[in-house]
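K.L.:
The sequence isn't on hand, but the structure is:
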Ligand code: AKB
C-alpha cells in the first residue's frame, strides 16, 4: 500500500519551517518533506518521512511516485532573486525544470488516484517589472494583471511557472479527444517580502528588512543595500503561512483566479528603521547602496491591491506594521536570540 501524504519541497527553508508546523496541526495530514540537505532538527518530529534529494533527480521523483500516494504538493524549493542573478542558468534549471518535474508528478498521482491533486506554488512580487521610480510612484498599489514584465531571472521563472501551473490546471491537452481538464488544482500566491522572527532569509533582494531586524536585535551594525526611501510590500511569516493554508482550504468554486497577490504593510526602509529603533538600546543601522540590487527592488511595486484575495477567499492580514512588531517580531526575535 502506498502511504498517503502531502509533499513539501524545500522543507528546510524559512517558509518550509512555518508551513510544516502549520500543516502538522491539521488533522489526518502526514507530511513527506524533501530537501537538498538533511531535514533540520526542529521539523523532523513533525513529518512522517524526510527525504534528502534534488527536485531535478528524476529517479528520486519516480521513487516517490511509486512509494507514496501524494494528495497535495507544496512546492517551495527555489533559488531566490539575488542568487538567481548570479547563476541564471542554474536558477532556470531549479526554478523552472524543477517545477515542471513536480507538476508532472502531481498529474501522474492524480491519474493513478482518480482524484485531483492540489498544487501550491509560492510566486512573488518579482513577477512585476516597473521601469522607473516615477512610474512606480504613479502606479501605487497595482492589480494582478499589470506590469508583468519581470526584470530578474527569478521573476521570469516565477511568472512562467505560474503560467505552466495554470495551463496544466485549466487547458492541458485541449485538442485531445480523451482528456478533460481537471487533474491538477493549481493555486499560487505572489508573496511580498517576508519577515520571520526565527529565520534569516538568504539570497533574496527583499532581505534588507529582515536583515535590519536580525542585526539590530544582536546589537550588530548593518547597512541596508537599498536607500531609505525604497518601499515594497512586506508581510510576517505567520501571515504568509496562514494565507497558504486559507487559500488551499478554500472551495475551488469560490476561486476566480489561479494566482493571487496579497499585501499587509509597505514601509520604506527608512520607516522600518525608525519603527524598530525604540525596541533596542543600541541600534546602528545605516545605508550602503548596492546599485544593482536597488534597481531590482525599484522595479517591484510599491504595494499591491489584494481585493481579489479578500473577495474570493477572505484574505485579511493579521499584522500591520505596528502589530507585527509588538505582537510577533520583537518578542519572538528577542526570545530566539536569547535561546541561541
Ligand atoms: C526575493 O527577494 O527574492 C524574495 C521575493 C520578493 O520573492 N523574497
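P.N.:
Arrived safely, thanks for sending. Model, not experiment: these values are computed from the prediction.
K.L.:
Please verify my assumption that residue 48 contacts residue 28.
P.N.:
No - using C-beta atoms under 8 Å, residue 48 is not in contact with residue 28; the gap is 11.7 Å. No exception for glycine: its C-beta is placed from N, CA and C like everyone else's.
K.L.:
quick one: residue 87 and residue 81 touch, right?
P.N.:
No - contact status for residue 87 versus residue 81: not in contact, 11.8 Å apart, counting by C-beta under 8 Å.
K.L.:
Show me which of the two is the more surrounded one.
P.N.:
residue 81 (28 against 13; other C-beta atoms under 10 Å).
K.L.:
I'd like the distance between the more buried one and residue 260.
P.N.:
Counting by C-beta to C-beta, to the nearest Å, the gap from residue 81 to residue 260 is 20 Å.
K.L.:
Tell me, how many residues neighbour the residue of the stretch 151-300 of the chain found nearest the ligand?
P.N.:
Going by C-beta to the nearest ligand atom, the ligand is nearest to residue 204 of the stretch 151-300 of the chain, at 2.9 Å. If you count neighbours by other C-beta under 10 Å, residue 204 ends up with 22.
K.L.:
Give me the nearest residue to it, chain neighbours excluded.
P.N.:
The shortest distance from residue 204 to any non-neighbouring residue, by C-beta to C-beta, 6 or more residues apart in numbering, is to residue 80 (4.1 Å).
K.L.:
ok, now residue 120?
P.N.:
Looking at residue 120 with C-beta to C-beta, 6+ apart, the closest residue is residue 74, at 4.5 Å.
K.L.:
quick one: buried residues of the helix or strand where the one you found lies?
P.N.:
Assigning secondary structure by DSSP states H and E places residue 74 in strand 68-75. For strand 68-75, a neighbour-count test (16 or more other C-beta atoms under 10 Å) marks 68, 70-75 as buried.
K.L.:
Please apply the same query to stretch 221-234.
P.N.:
Residues of stretch 221-234 classed as buried by neighbour count (16+ other C-beta under 10 Å): 222, 224-227, 230-234.
K.L.:
just those now: which is nearest residue 187?
P.N.:
residue 233 (19.9 Å; C-beta to C-beta).
K.L.:
quick revisit: when residue 48 and residue 28 are compared, which one has more neighbours?
P.N.:
More crowded of residue 48 and residue 28, by other C-beta under 10 Å: residue 48, with 15 against 6.
K.L.:
Could you check how far that one is from residue 64?
P.N.:
13 Å.
K.L.:
Which neighbours do those two have in common?
P.N.:
residue 32 (C-beta atoms under 8 Å, 6 or more residues apart in numbering).
K.L.:
and the spatially most central residue of the chain, what are its bridge partners?
P.N.:
In the chain, the C-alpha nearest the mean C-alpha coordinate belongs to residue 122, at 4.0 Å (C-alpha atoms, centre = their mean). For residue 122, the beta-bridge partners are residue 189 (DSSP bridges).
K.L.:
List the contacts of it.
P.N.:
Neighbours of residue 122 in contact, by C-beta under 8 Å, 6+ apart: 15, 75-76, 78, 188-189, 191, 244.
K.L.:
I'd like the residues you listed written out as JSON lines, with pLDDT and distance to residue 146 added.
P.N.:
Below are these laid out as JSON lines (pLDDT from 0 to 100; distance: C-beta to C-beta, whole Å):
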{"residue": "15", "pLDDT": "95", "distance to residue 146": "26"}
{"residue": "75", "pLDDT": "98", "distance to residue 146": "26"}
{"residue": "76", "pLDDT": "98", "distance to residue 146": "26"}
{"residue": "78", "pLDDT": "97", "distance to residue 146": "23"}
{"residue": "188", "pLDDT": "98", "distance to residue 146": "17"}
{"residue": "189", "pLDDT": "98", "distance to residue 146": "17"}
{"residue": "191", "pLDDT": "98", "distance to residue 146": "17"}
{"residue": "244", "pLDDT": "98", "distance to residue 146": "24"}
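K.L.:
Mind picking the two most distant members of those?
P.N.:
Checking the contacts of residue 122 with C-beta to C-beta, the most distant pair is 78 and 244, at 14.6 Å.
K.L.:
and the stretch 151-300 of the chain, which of its residues are near the ligand?
P.N.:
154, 193, 204-206 (C-beta under 6 Å from any ligand atom).
K.L.:
ok, now with 8 Å
P.N.:
152, 154, 158, 191-194, 201, 203-207, 232, 300 (C-beta under 8 Å from any ligand atom).
K.L.:
by contact count, what packs against the next helix or strand after the strand holding residue 74?
P.N.:
Using DSSP H and E, the helix or strand that follows strand 68-75 towards the C-terminus is helix 81-86. If contacts are counted by 3 or more C-beta pairs under 8 Å, 6 or more residues apart in numbering; DSSP states H and E, helix 81-86 sits against helix 153-170, helix 291-298.
K.L.:
Perfect, that will be all.
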